[in-house]
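> The sequence and its predicted three-dimensional model are supplied below.
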Amino acid sequence: MTRLVAGILVALLVTLTNGCELGEDDEMAPKPTRTVTKSPASRVPTRVPTGEGDVSPSSVVWAQESTLHFGTSQVDVAPLRIDSFVVVPGGVYFVSRSELWFTDLSRVRATGLMGVTRVSTTREADALRVDLATGPDAVYAYDLGTGESIPPAQAVPAADADLRGTTRQVVLPPGGAVEARRGPGRYGLVGGDGGQLVVYDTVTRKRVPLKGVVGSRFKLVRWQGGNMFFGVALDEDRNPVAVMSCNLSRRSCTKVGEPDPDRSLVFESAA
């Protein structure tokens, strides 16, 4: 009996000893460190891609979902979509689901910029400005000649007047005063905010007749220099009919494309 009890006690002691070797007492063991892993924060790049595509701020560019139209040509950037964009010399920067991308019309490249709330260019389109959602001071800028980062203060975004002209009241015979938008050259236009398109000479105040105008109303997108502009022709209910470019030297307008009425229409806009 004594030998049996002694054997049991020895076996029990060995078991407990082995258990102590394999683990630590709960009260003596250090508490596990709780690590909260955030989604990898995207490092703001010091450089963005640039290109030499056949496109510039004077080009007619518009988008519908994943399709980017430039002139009478187009490229599809699916599975991405185009929520907003800016045209620069050699390419287009566009935002897709808050991420900024670049295309030179032959390929699409990521910029590494996430959480984008706004993208814009300077009046001369020589610098890119990107606003992020991380705070009011989360603004970054890039030289479009080199793609290198520059101080945001050097990239003052273009205003609506830089793209669409300054607004003013003008008197065009035989009517009275009307609101017009004056372009960077000799011409201005009335009706560029959804009214009937009327172009006038700012020196003589005479109306300029145009051939090829379609639609009943017109929405100006931007001037393309002193003698050209483009926008979207609208019907009486203000539905898009066609994207239209006008050359005042030739006194004519050309239908560049017909938007799909079932897809949202996106144009470049100023800051």
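The structure has been received and is ready for your questions. Remember, predicted model here, so these are calculated numbers, not experimental data.
> C-alpha only now, for contacts and for neighbours.
Noted.
> Could you list the single helix or strand in this protein with the lowest mean pLDDT?
The least trusted helix or strand in the chain, going by mean pLDDT, DSSP states H and E, turns out to be helix 2-22, with a mean of 38.
> Check which element follows it along the chain.
As assigned by DSSP states H and E, the chain's next helix or strand after helix 2-22 is strand 61-64.
> Neighbours of the residue lying closest to residue 133 once chain neighbours are set aside, how many?
Once flanking residues are discounted, residue 133 sits nearest to residue 115: 5.4 Å by CA to CA, 6 or more residues apart in numbering. Using other CA atoms under 10 Å, residue 115 has 16 other residues around it.
> how close does residue 95 sit to residue 123?
20 Å (CA to CA, to the nearest Å).
> okay, these two: which has more neighbours?
residue 95 (23 against 17).
> ok, the more buried one touching residue 113?
No: counting by CA atoms under 8 Å, residue 95 does not reach residue 113; the two are 9.7 Å apart.
> which sections of the stretch 1-150 of the chain are below the confidence cut-off?
Within the stretch 1-150 of the chain, the stretches with pLDDT under 70 are 1-42, 136.
> can you map out the strands along the stretch 101-250 of the chain?
Assigned strands in the stretch 101-250 of the chain, in chain order: 108-110, 116-121, 127-132, 139-143, 149-150, 166-171, 177-182, 187-190, 193-195, 198-201, 207-208, 217-223, 228-234, 240-247 (criterion: DSSP state E, counting those that start in this stretch).
> Let me know which of the ones you listed is the nearest to residue 46.
Among the strands of the stretch 101-250 of the chain, strand 149-150 comes nearest to residue 46, with 5.1 Å by CA to CA.
> Could you give the separation of that closest one from the chain centroid?
Computed by CA atoms, centre = their mean, to the nearest Å, the chain-centroid distance of strand 149-150 equals 19 Å.
> again, but for stretch 262-271
Here the centre of stretch 262-271 is set off from its chain's centre by 9 Å, with CA atoms, centre = their mean.
> and it, average pLDDT?
When pLDDT is averaged along stretch 262-271, the result is 89.
> Could you do stretch 228-239 as well?
Mean predicted confidence for stretch 228-239 is 96.
> Can you tell me what sits against it?
Residues outside stretch 228-239 that contact it (CA atoms under 8 Å, 6 or more residues apart in numbering) are 60, 194, 214-224, 240-248.
> quick one, what contacts residue 75?
By CA under 8 Å, 6+ apart, the contact set of residue 75 is 67, 68, 69, 105.
> now do residue 195
Counting by CA under 8 Å, 6+ apart, the residues that residue 195 touches are 216, 217, 218, 219.
> Export the residues you listed to CSV and append columns for neighbour count, distance to residue 52 and pLDDT.
Below are those laid out as CSV (neighbours: other CA atoms under 10 Å; distance: CA to CA, whole Å; pLDDT from 0 to 100):
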residue, neighbour count, distance to residue 52, pLDDT
216, 16, 37, 96
217, 24, 35, 97
218, 30, 32, 97
219, 21, 30, 97
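> Out of those, which comes closest to residue 263?
Of the contacts of residue 195, the one sitting nearest to residue 263 (CA to CA) turns out to be residue 219, at 17.7 Å.
> Quick check: beta-bridge partners of that closest one?
residue 193, residue 232 (DSSP bridges).
> That one is in contact with residue 194, isn't it?
Yes: counting by CA under 8 Å, residue 219 does reach residue 194; the two are 4.9 Å apart.
> ok, now how distant is residue 82 from residue 68?
In this structure, residue 82 and residue 68 are 8 Å apart, going by CA to CA.
> ditto for residue 62
6 Å.
> same check, this time on residue 240
Residue 240 is 17 Å from residue 68, by CA to CA.
> And the two? Which one has more around it.
Each of residue 240 and residue 68 has its neighbours counted (other CA under 10 Å); residue 68 has more, 23 against 20.
> Quick check: can you list the domain ranges of this protein?
Structural domains annotated on the chain: 61-158, 161-257, as defined by automatic domain parsing.
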